[in-house]
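Participant: I would like the atomic coordinates for the input below:
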Amino acid sequence: MTSSRASTWLSSIRKGVGTGLAFAGAGALLSSALLAAARYRASQADAQLPNEFVLEVPLDRLRVVDVINASPLAVLTGDVNQVELPQVVSALRSAAKDERCRGVVTYIGSREHLGGLASVQELRDAILSFRTAATGRSVATAAFAASFGEAGSSGMVPYMLATACEKLYMQPSGMLGLTGLESRGFFARTLLDRLRAEPLIMAREEYKSAANFLKERGFTEAQRANVTNLLGDMAGQMVAAMGTGRGVEVEAVRKVMDEAPLLPAAAVAAKLLDGTKYKDEVQSLFRVSDRALGEEKARLGSKLKRRKDDVRMARVPLDKYIRLMELKKAAVAASKEGLAGRLMRTPFHGLTLLLNGKGSELGQRRKVAVVTASGPIVQGPVRPGPSQGQVIDANKLCRHLGALLEDPEVTAVVVRVNSPGGSALASDTLHHELMRLRAAGKPVVVSMGDVAASGGYYLAAAADRIVAQPGTLTGSIGVLFGKVNISKTLEEVGVHSDAVAVGRNADALSPFTGLTDAQEAQLEAMIDRVYHDFLDKVSRSRGRPVAEIRQLAKGKVYTGRQAHDVGLVDELGGLETAVQCAKQLAGLPEDAEVVSYPPRRVPLLLQLLQRSMPQPDDGDGGSGPTATAAAEAVLPAPGWDSLGAAWW
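Facilitator: Numbering: from 1, shown residues only. Presented below is the predicted three-dimensional model:
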C-alpha cells in the first residue's frame, strides 16, 4: 500500500469513527432527555392521584375482553369501552400495594360485559387478592348492581363475581336471579328434510357434537350426558364461591336457586345481600379519613369546596388508574434501565457497553413474552373487514412466534389461548411452531381463557405446562368434517346446477353434489388419520398411552377443574399463575420482566375517538377513556364450514 493510499485510508477511518461517535453522542443526549421526560411523567402520574381514593371498577360501563378490538368499526358500533382482563388484574394488584388506595367498589352490569365463567373467576380472584394483599392499612370492598338478572333472568355469574367483595348492595327495585344454568340447543334436521337438504357429517367420536344441530332432532344421549355433566360442575363451582363469599352454607344457596328470583327483602333475609341502596348511596359509604380531610383543609384553606356534610372519598375510575400505572411502570423501567439500556436500543448498544467495561451485560435482559391467541383458528392470511371479529391467523401468529424464537432476550413464552378450535391444518401449523420454541430451550406455558377446546387444546398440547381456570371449557379432542348437499333444495325452487370437472374427486366438497361410496370411504380414512395424529400429540404431551388418551377424548368437553382431575391440565389458575410457572421453568427471578408480544397500539384515530366519546358522570372520580391496546387480527365468529373444510 502506498503512503498516499494509506493516508487516505486512515483519514476515512478517522472520519467514520468521528461520525459514529458524533451519532453516539447525539444519541446519548437524546436518551438523557427521554429519560428525564420519563421520570417527570412518572411523577406527574403519581401527582394525579389523591392522597386517599377508592378504585372504581365500572363493569357496568366497561366490557372485559382478552384483547381490545382496535377496529374503527368498534367506534361506529359503540364498542369502544373495552378493557383487557390482564390490565384489570394488574391494576388491582397495583392498588393493593398503593397506600393511597383505601378500597375498591365494583359496579356490575350486563352479564355480557364480564366474559365467560373463567374470566369472571380470574376477576374474582383478583378482588380477593386485593383484600388479602392490602396490608398495613384498612381497606373496604363493595359491589353494586341495579339487579342481578332483570325480570327473572339469570344473574348467577354477575352475583358470583360480586361475592368477592365484603359488602354487596342492590337497587331496591332489583331482583336476585340465582335461577341456575341452562343450555338450550336448536336442531334443524326437520327443516333440512323439508328443504331436501342432506347433511353429510363425519365426527370423531360420539361426543363431538358441534354439527349435531344439522343432523339430529335433539340431544343425543352422549351430548346430553356431556352437557349435563358440564352444567353440574359449573353450577357447583359457582354455588361454592357464593357460599364462601357470603359465609352461607352451600345447601342454603342451592335451595335459593330453586326459589329464585328473590325480591330484595328475601335476599337480605337469606344473607345474600347486605342491603338495598342506589349507586350514589354506595359511593357515599367510602368516606375520607379525618387525617386526610384535615390535610386537605390545611392545604386549601378557604378554597376548600367541600360541603360540611360531604366527606365522600375521591374516586378513581379503573381505566384512568390503568393509564397512570402503565405510564409510571414504563417510566420506572426506563429509569432502572438507565442510559446504557437506552442506548442498547440503538446500533451502538454493544459498543456502548464495551466502552463502559460492561461487555458481560450483553444479552442479560431475560424476559417472559405473553402472546394472546383469541378466536377461531384459520390458516390465513386474514384481511380485516367491517364485519369481522377476532381470529387466530396461523400465518401471522407463526411469524410472531418465530420472532420470539430468534429474540435472545425472550427466555420463556406464555400463550393465552381463548379459542373454540378451527382448522386442523392451522392448528397443526401452530403446534409445530410452539414445539420449535421448546426445542430451542424456551419453555412454553399455555394459559387457557374461557374456552380452549378442540383446536384450542391442540395448541395447548404443545406446551410444557397447561394452566386453566376451574370454569374454563376445554377438551373436545376430536375431529369434525362435512358439508350440506343442497342440490335437491335448488331443484325444488327451479334452480338446476351443472358442472364440468377434471378429476374424480374435484366436486367432492361441493355443496351441490353428494358423496360417492369411494369418496365417503376416502374422507373417513382422512378423518381417522387426522384424529389419530391429534391423539398422538396429546399422548406425547401428557406422557400417557394413546389408548388411555382416547378414552378421555372422543370429542368430550371438560371444565378446567374436570380436565385437571383427569390430567389434561397441569395447574388451576389464571394468566399470572401461568407467568409464574414460565419464570420457574426458565429459572428467572420473581421480578423478571414480562412483555406483551407483539407490542399492541391503538391507532391514533381510534384513541382520539375514544377520548371524544361521551362518558357517564361518575362524580368525584370522573371518567375517562379505556386503556389502550389492540387486537391483532379479525374474522367473523366461528361457524360450520359448509364447504367441508376440516375443523376440530
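Participant: And the residue nearest in space to the middle of the chain, what's its pLDDT?
Facilitator: Most central in the chain under Cα atoms, centre = their mean is Asp66, positioned 2.5 Å from the mean C-alpha point. pLDDT for Asp66: 88.
Participant: distance between the ends of stretch 474-492?
Facilitator: End-to-end distance of stretch 474-492 (Cα to Cα, to the nearest Å): 42 Å.
Participant: Could I get the buried residue list for that stretch?
Facilitator: 474-487, 489-490 (16 or more other Cβ atoms under 10 Å). For the C-beta atoms, the positions are set from N, CA and C on the backbone; glycine is no exception.
Participant: same check, this time on stretch 143-160
Facilitator: 143-149, 154-160.
Participant: Please apply the same query to stretch 468-475.
Facilitator: 468-475.
Participant: Of the residues you listed, just say which sits nearest to Phe187.
Facilitator: Among the buried residues of stretch 468-475, Leu473 lies closest to Phe187 (Cβ to Cβ), at 20.9 Å.
Participant: sorry, back to before: list just the nearest of the buried residues of stretch 468-475 to Ala403.
Facilitator: Distance to Ala403 across the buried residues of stretch 468-475 (Cβ to Cβ) is lowest for Ala468, with 26.6 Å.
Participant: ok, the closest one to Arg561 distance?
Facilitator: Noted for Ala468: a distance of 8 Å to Arg561, by Cβ to Cβ, to the nearest Å.
Participant: Can you check which residues contact both of these two?
Facilitator: Counting by Cβ atoms under 8 Å, 6 or more residues apart in numbering, the common neighbours of Ala468 and Arg561 are Leu572.
Participant: Which strands or helices does the host helix or strand of Leu161 pack on?
Facilitator: Using DSSP states H and E, Leu161 falls within helix 156-162. Other elements packing on helix 156-162 under the criterion 3 or more Cβ pairs under 8 Å, 6 or more residues apart in numbering; DSSP states H and E are strand 101-108, helix 117-133, strand 140-145, helix 221-246.
Participant: want to throw these into TSV with mean pLDDT and distance to Thr577?
Facilitator: Formatted as TSV, the helices and strands packed on helix 156-162 follow (pLDDT from 0 to 100; distance: least, Cβ to Cβ, whole Å):
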stretch	mean pLDDT	distance to Thr577
strand 101-108	95	21
helix 117-133	96	9
strand 140-145	96	22
helix 221-246	97	17
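Participant: what's the closest of the ones you listed to Val595?
Facilitator: helix 117-133 (20.0 Å).
Participant: rewinding a little: now, the buried residues of stretch 474-492 that are in strands?
Facilitator: Under the assignment DSSP state E, those contribute 474-475, 479-485 to strands.
Participant: and those as TSV, adding distance to Gly555?
Facilitator: What follows is these, written out as TSV (distance: Cβ to Cβ, whole Å):
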residue	distance to Gly555
Thr474	12
Gly475	8
Val479	8
Leu480	8
Phe481	13
Gly482	14
Lys483	19
Val484	20
Asn485	23
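Participant: now, which of the buried residues of stretch 143-160 sits nearest Val371?
Facilitator: Val157 (27.4 Å).
Participant: Identify the residues contacting the residue nearest to the centre of the chain.
Facilitator: 84-85, 115, 119, 372, 374, 416, 418, 449.
Participant: Now, those residues that are in helices?
Facilitator: Those of the contacts of Asp66 mapping onto helices are 85, 119, per DSSP state H.
Participant: Lowest-confidence one in the contacts of Asp66?
Facilitator: Gly115 (90).
Participant: is it true that it touches Leu85?
Facilitator: Yes. Under the criterion of Cβ atoms under 8 Å, Gly115 makes contact with Leu85 at 6.9 Å.
Participant: Overlap in contacts, the two.
Facilitator: In contact with both Gly115 and Leu85: 64-66, using Cβ under 8 Å, 6+ apart.
Participant: what would those residues look like in TSV with secondary structure and distance to Thr190?
Facilitator: Formatted as TSV, the shared contacts of Gly115 and Leu85 follow (DSSP: H, G, I helix; E, B strand; the rest coil; distance: Cβ to Cβ, whole Å):
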residue	secondary structure	distance to Thr190
Val64	strand	39
Val65	strand	37
Asp66	coil	38
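Participant: and which of those is nearest Met313?
Facilitator: Nearest member of these to Met313, counting by Cβ to Cβ, is Val64, at 24.8 Å.
Participant: circling back to that earlier point, can I get the contacts of Asp66 in CSV with neighbour count?
Facilitator: Output for these, formatted as CSV (neighbours: other Cβ atoms under 10 Å):
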residue, neighbour count
Glu84, 22
Leu85, 25
Gly115, 21
Ser119, 24
Thr372, 27
Ser374, 21
Arg416, 25
Asn418, 26
Gly449, 26
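Participant: Turn the contacts of Asp66 into a markdown table, including distance to Glu198.
Facilitator: Shown next, in a markdown table, are the contacts of Asp66 (distance: Cβ to Cβ, whole Å):
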| residue | distance to Glu198 |
| --- | --- |
| Glu84 | 44 |
| Leu85 | 43 |
| Gly115 | 38 |
| Ser119 | 39 |
| Thr372 | 40 |
| Ser374 | 35 |
| Arg416 | 40 |
| Asn418 | 34 |
| Gly449 | 37 |
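Participant: Which of the contacts of Asp66 sits closest to Thr577?
Facilitator: Nearest to Thr577 out of these is Arg416 (Cβ to Cβ; 11.9 Å).
Participant: That closest one touches Asp450, doesn't it?
Facilitator: No. Using Cβ under 8 Å, Arg416 makes no contact with Asp450, being 10.9 Å away.
Participant: how is the chain carved up into domains?
Facilitator: Here the domain assignment for the chain is 21-50+325-365, 51-179+260-312, 367-477+527-642, based on automatic domain parsing.
Participant: Out of the ones you listed, which gets nearest to Asn229?
Facilitator: Judging the domains of the chain by Cβ to Cβ, what sits closest to Asn229 is domain 367-477+527-642, at 7.8 Å.
Participant: any weak-confidence spans in the stretch 351-500 of the chain?
Facilitator: 351-364, 384-389 (pLDDT under 70).
Participant: helix, strand or coil for the closest residue to Pro589 other than its chain neighbours?
Facilitator: Nearest non-adjacent residue to Pro589, counting by Cβ to Cβ, 6 or more residues apart in numbering: Lys583, 7.3 Å away. With DSSP: H, G, I helix; E, B strand; the rest coil as the basis, Lys583 sits in helix.
Participant: what's the neighbour count on Lys583?
Facilitator: 23 (other Cβ atoms under 10 Å).
Participant: Isn't it up against Arg366?
Facilitator: No. Using Cβ under 8 Å, Lys583 is not in contact with Arg366; the gap is 9.7 Å.
Participant: which residues do the two both contact?
Facilitator: Applying Cβ under 8 Å, 6+ apart, one finds that Lys583 and Arg366 are jointly contacted by Ala592.
Participant: Go ahead and report the secondary structure state at the closest residue to Glu281 other than its chain neighbours.
Facilitator: Nearest non-adjacent residue to Glu281, counting by Cβ to Cβ, 6+ apart: Tyr169, 7.9 Å away. Secondary structure assignment for Tyr169 (three-state DSSP): strand.
Participant: For Tyr169, list the residues it contacts.
Facilitator: Tyr169 touches 142-144, 273-277, 281-282, counting by Cβ under 8 Å, 6+ apart.
Participant: Now a PyMOL select for only the buried ones of these.
Facilitator: A single PyMOL command selects the buried members of these (16+ other Cβ under 10 Å):
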select buried, resi 142+143+144+273+274+276+277+282
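Participant: Now tabulate the contacts of Tyr169 in CSV and tack on distance to Arg323.
Facilitator: Output for the contacts of Tyr169, formatted as CSV (distance: Cβ to Cβ, whole Å):
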residue, distance to Arg323
Ala142, 24
Ala143, 24
Phe144, 24
Leu273, 33
Asp274, 32
Gly275, 34
Thr276, 34
Lys277, 29
Glu281, 28
Val282, 24
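Participant: Pick out whichever of the contacts of Tyr169 sits closest to His431.
Facilitator: His431 lies nearest to Ala143 out of the contacts of Tyr169, by Cβ to Cβ, at 41.0 Å.
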